[in-house]
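**Student:** Just the structure for this:
(3 chains)
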Amino acid sequence: MPDATSPELSPLHEPFHTRARQREADRLGMLVFLASEAMLFGGLFAAALMLRLLDPAAYAAASGRLSLWLGTLNTAVLLTSSALAALAVTAARHGRPRAAVAMLAGTMALGALFLAIKGYEWSSEAREGLLPVLAPAHFTSRFEQLFMNLYLLATGLHALHVTGGLVLLATAAFKRRTHEDTEAVLIGNAALYWHLVDVIWIFLYPTLYLARVNA
Amino acid sequence: MRREAVQILATWLALLALLALTVAALALAPGLLRTLFGYGVASAKAALVVWIFMEMRRETPVARFATIAAALWLLMMLPLTAADYMTRALAGT
Amino acid sequence: MTVRTQAGSQAADTEQADEVIEARSYLRDGHSLRSWLLTTDHKRIALLYLIAITGFFVVGAIAAALIRLDLLTPAPDLLSNEGYNRAFSIHGIVMVWFFLIPSIPSTLGNFLIPLMIGARDLAFPRLNLLSWYIYIVSGVIVLFVVIGGGVDTGWTFYTPLSSMYANGMVVATVAAVFVSGFSTILTGLNFIVTIHTLRAPGMTWGRLPLFVWSHYAVSIIFVLATPVLALTLILLAAERLFGIGVFDPALGGDPLLFQHLFWFYSHPAVYIMVLPAMGVISELVTAAARKRIFGYWFVALASLAIAVIGFMVWGHHMFVSGQSIYASAVFSFLSIAVAVPSAIKVYNWTATLYKADISIDAPLLFAMDFIGLFVAGGLTGLMLAMLAIDVHVHDTYFVVAHFHYIMVGGTVTAFFGALHFWWPKITGRMYNETLGRIAAVVILVGFNLTFFPQFLLGYEGMPRRYHVYPPEFQALNVISSTGAALLAVGYLMPAVYLLWSLRRGPRAGPNPWGATGLEWTTSSPPPTHNFTEQPVVEHGPYEYPLAHPASRGDA
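**Tutor:** Below is the predicted model of the structure:
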């Protein structure tokens, strides 16, 4: 039976008396933090909703300028990476640290792929004159300009969070203690954050890509 | 562990199927029905991720509430804000 | 509350080795700057916050002084138009985000919550320190803004003024507020997890002091409302810097969207400011009356009700902005509904005092000040919630008076009451009671002289944010400014005698008020780890008379 000094267990921090309590607190803390992150994006969804209500036809037309296939592909990529993250946590909890790290690596690879596809998508949009940032833009309507601005802001903010999630996953993958942590605390929390990033994209996808008039 | 891995795999397949469904739904006439369908499917996907991947099926009631709190609060924010935009034209205000 | 203590770490599931728990006061546990600036002790962090918010209170008060001086005359003779706009903007921004919002939660909440629940610290002590540093960074940015001339947009940053036409450092100001938001989100997170996971054995939810319930409710608002402000400010900065168009009708956007998003946060923000104050009052009233609170669960659940319903009323700030009249009607109804839980609390405090053997000390006087001023502010709030009245008084001094009655008459008064009540616990010294009572009365008189005339001015039609006004309004303005001077004296008094007591005040025993609550079972000031033995709770809160009553005034 591991005692208080054995390295397999995560260290007990002040002010907790028991590891079980500390674990519960760590997880609850992460979930509360995720709630705040979700509310952050909620404001963006509100902005998108209002714009859509103001001019549904223009919104749909603007949405049609995005690449449905790249958006759908990215959704599939992120969903798969979430599955891998869940598998990583399960593996860790069943005492299979090497499998867990392998799954985490897969998660991170797909996360990086998501960012790569996103970057490619942005650059092709810039070439088409749809992004206002680096290239001169040729919008077909002023509303389209607004839509693309919002699209850039929303996906940019999301990409920032994907990057943060990758950092968390990497921390969980490389920390030595994780390999021995059958309580899966760090992996568990990193995976939770990753799942939130996935859920936000799950709602960004119909908001940005599915409003178009046809496929 | 095998049982859990199978559940995760099954959930992943369901998620991809739902994704395919929303793309197929673009064949539906654009309008309220298609929009509701899209968000309905998104909610289903999110529910699967939260329940299975985030392991809410094992969590305490408090943790579950914390997880859906944002969704509940957005259900306060979005309809009430939309109420303004959707009724502005009505009274000519 | 009767407390049975267990020695050392004998709780059944403790895994740590036994340790000798030091009984040295937290104030003596390290004297270096490093021991303060790198502390993870919630009590020291509370004091760090107290010093910082006091500094910001002074900054905001100087802005207020400029406003009230300029308003002594109907002519724009002290400040230019632009200068006056900047004065009231800085006053609002500093007072709301850098003083009021952290005032009770980050100082007294931080200090007292672990003590009240029988824990050694908050759940995430290092996160707590990080919260303070984030707050300080945001404070530095806002000071930089103040020195740089500030903004003229009002604390509400309405578009398109703030996004397109304003002069001044809009983006920097918005950045300061954005950063400060993270401090509060992390504090709220810390409180929620602490209250869920660190309650002492026997401390069930039904035995929590109402101060803790209020802070739990406030933390819900911290975590769920503040991120929306963050996003709104990002949108505003993007609009100002890049013209993205989300608030610009020329591109298909809507300036009113800013107001919706802004007030979705900022209305719950006012409950952030008042809920902790209400928690304080519950403690002050029960201690002064030496009597159980009337309707414990009503008061506890009312806090949660305010936190929830408070998210659904924001449109009452937008009745005349162009918002649809149907939406306005819904918001009006919900705004009237949110007054109900607040009223329940007031009835319950009053019922607690009924037939009680009350000691008229400074904390009680501050509590009475609060109740009276809060009722006045609340009733006028109900008036404002009604569409027909609001159309008449929106953007007048009536609104200004209303919210100052709540925020100053309410929250600041409760803050001072709390400071007096827990002063012996925090510092180990008692202040001069006579001076305390006088200060409470001076503050009450000064406050009413300052703000009651503003109700009349507003009702008569004097607009807010103007420093030029019709000469017939001058008399009331002069009374108001005079009152402000008296109020300033009232606020300076505690600064003087509280600080004086640090050196010369009589030393306080563990429980100078004879009050219930775990914080009164440990020494004054508490040791670094709060308790020398793990408390175990066996009775409900507010179980008066105490089994071992400390006679009042005993050291």
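
**Student:** so which residue of chain B comes closest to chain A?
**Tutor:** Of all residues in chain B, B:A70 sits closest to chain A, at 3.4 Å by C-beta to the nearest C-beta. Heads up, the C-betas are built off the backbone N, CA and C, glycines and all.

**Student:** What pLDDT does the model give that residue?
**Tutor:** The model reports B:A70 with a pLDDT of 93.

**Student:** OK, contacts around it?
**Tutor:** Residues in contact with B:A70 (C-beta atoms under 8 Å, 6 or more residues apart in numbering or on different chains) are A:L34, A:A35, A:S36, A:A38, A:M39, A:G42, C:L224.

**Student:** how near is the second one to A:V199?
**Tutor:** When distances are taken as C-beta to C-beta, to the nearest Å, A:A35 and A:V199 turn out to be 12 Å apart.

**Student:** The fourth one now?
**Tutor:** From A:A38 over to A:V199 the distance is 8 Å, taken as C-beta to C-beta.

**Student:** what are the ranges of the helices in chain B?
**Tutor:** Along chain B, the segments classed as helices by DSSP state H run B:2-24, B:32-48, B:61-91.

**Student:** oh sorry, the question was meant for chain A
**Tutor:** Using DSSP H, the helices found in chain A span residues A:19-54, A:56-63, A:68-93, A:97-127, A:142-174, A:185-208.

**Student:** For the fifth one, name the packing helices and strands.
**Tutor:** When you say that, I think you mean helix A:142-174. Judged by 3 or more C-beta pairs under 8 Å, 6 or more residues apart in numbering or on different chains; DSSP states H and E, the packing partners of helix A:142-174 are helix A:19-54, helix A:56-63, helix A:97-127, helix A:185-208, helix C:210-242.

**Student:** now do 10 Å
**Tutor:** helix A:19-54, helix A:56-63, helix A:68-93, helix A:97-127, helix A:185-208, helix C:210-242 (3 or more C-beta pairs under 10 Å, 6 or more residues apart in numbering or on different chains; DSSP states H and E).

**Student:** how about A:H13, what does it touch?
**Tutor:** Residues counted as contacts of A:H13 (C-beta atoms under 10 Å, 6 or more residues apart in numbering or on different chains) are A:R19, A:Q22, A:A25, A:D26, C:T40, C:D121, C:A123, C:F124, C:P125, C:R126.

**Student:** For C:A337, state which of the residues you listed is nearest.
**Tutor:** Using C-beta to C-beta, C:A123 comes nearest to C:A337 of these, at 33.6 Å.

**Student:** show me the contacts for the closest residue to C:F331 other than its chain neighbours.
**Tutor:** Nearest residue to C:F331 in three dimensions, chain neighbours excluded: C:G315, at 3.3 Å (C-beta to C-beta, 6 or more residues apart in numbering or on different chains). Listed by C-beta under 10 Å, 6+ apart, the contact partners of C:G315 are B:80-81, B:83-84, C:259-260, C:263-264, C:267, C:321, C:323-324, C:327-332, C:334-335.

**Student:** Now a PyMOL select for only the buried ones of those.
**Tutor:** Here is the PyMOL selection string for the buried members of the contacts of C:G315, based on 16 or more other C-beta atoms under 10 Å in any protein chain shown:
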select buried, (chain B and resi 80+81+83+84) or (chain C and resi 259+260+263+264+267+321+323+324+327+328+330+331+332+334+335)
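
**Student:** Would you map out the domains in chain B?
**Tutor:** Here chain B is described, according to automatic domain parsing, as comprising the domains B:1-58, B:60-93.

**Student:** so how far is the shortest one from its chain's centroid?
**Tutor:** When C-alpha coordinates are averaged (C-alpha atoms, centre = their mean, to the nearest Å), domain B:60-93 and its chain have centres 14 Å apart.

**Student:** So, low pLDDT: which residues of the chain?
**Tutor:** Since you didn't name a chain, this refers to chain A. Residues of chain A that meet the criterion pLDDT under 70 lie in A:1-11, A:133-136, A:176-183.

**Student:** other chain: chain B
**Tutor:** In the predicted model of chain B, residues B:91-93 satisfy pLDDT under 70.

**Student:** Please enumerate the strands of the stretch 101-250 of chain C.
**Tutor:** Assigned by DSSP state E, counting those that start in this stretch, the strands in the stretch 101-250 of chain C number zero.

**Student:** and chain C, which residues reach chain B?
**Tutor:** C:192-193, C:196-197, C:220, C:223-225, C:227-228, C:254, C:256-257, C:259-261, C:264, C:268, C:308-309, C:311-315, C:318, C:321-331, C:334 (C-beta under 10 Å from any C-beta of the partner chain).

**Student:** Just give me the neighbour total for A:A211.
**Tutor:** A:A211: 22 surrounding residues under other C-beta atoms under 10 Å in any protein chain shown.

**Student:** Could you pull up the residues touching A:T155?
**Tutor:** Listed by C-beta under 10 Å, 6+ apart, the contact partners of A:T155 are A:L66, A:G71, A:N74, A:K118, A:E121, A:W122, A:V162, A:W201, A:L204, A:L208.

**Student:** Out of those residues, flag the one nearest to C:A414.
**Tutor:** Within these, the smallest distance to C:A414 is 42.5 Å, found for A:L204 (C-beta to C-beta).

**Student:** hang on, the earlier thing: now distance to C:F452 and mean neighbour count too, for the helices and strands packed on helix A:142-174, in TSV please.
**Tutor:** TSV is the format used below for the helices and strands packed on helix A:142-174 (distance: least, C-beta to C-beta, whole Å; neighbours: other C-beta atoms under 10 Å in any protein chain shown):
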stretch	distance to C:F452	mean neighbour count
helix A:19-54	38	22
helix A:56-63	50	19
helix A:68-93	59	23
helix A:97-127	58	18
helix A:185-208	49	24
helix C:210-242	28	25
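
**Student:** Find the nearest non-adjacent residue to the closest residue to chain B within chain A, please.
**Tutor:** Closest to chain B within chain A is A:A38: 3.4 Å, counting by C-beta to the nearest C-beta. With C-beta to C-beta, 6+ apart as the criterion, A:A38 has its nearest non-adjacent residue at 3.4 Å, and that residue is B:A70.

**Student:** what's the spacing between the one you found and C:R68?
**Tutor:** Separation of B:A70 from C:R68 (C-beta to C-beta): 42 Å.

**Student:** Same question for C:G168.
**Tutor:** Look at C:G168 and C:R68: by C-beta to C-beta, they are 22 Å apart.

**Student:** Give me the residue ranges of chain C where confidence is low.
**Tutor:** Residues of chain C meeting the criterion pLDDT under 70: C:1-22, C:547-555.

**Student:** how about the helix ranked longest in it: buried residues?
**Tutor:** Using DSSP H to assign secondary structure, the helix with the most residues in chain C is helix C:255-289. For helix C:255-289, the neighbour count (16+ other C-beta under 10 Å) marks C:255-289 as buried.

**Student:** Assess the claim that B:M1 and A:V89 are in contact.
**Tutor:** No: in this structure B:M1 lies outside contact range of A:V89 using C-beta atoms under 10 Å: 11.1 Å.

**Student:** C:P255 against C:F157, yeah?
**Tutor:** No: using C-beta under 10 Å, C:P255 is not in contact with C:F157, being 11.4 Å away.

**Student:** coming back round to it: need the residues touching each of A:A35 and A:V199.
**Tutor:** B:T67, B:A70, B:A71.

**Student:** dump the residue contacts of the last one.
**Tutor:** Read it as B:A71. Applying C-beta under 10 Å, 6+ apart to B:A71 gives the contacts A:A35, A:A38, A:M39, A:G42, A:V199, A:F203, B:S43, B:A46, B:A47, B:V50.
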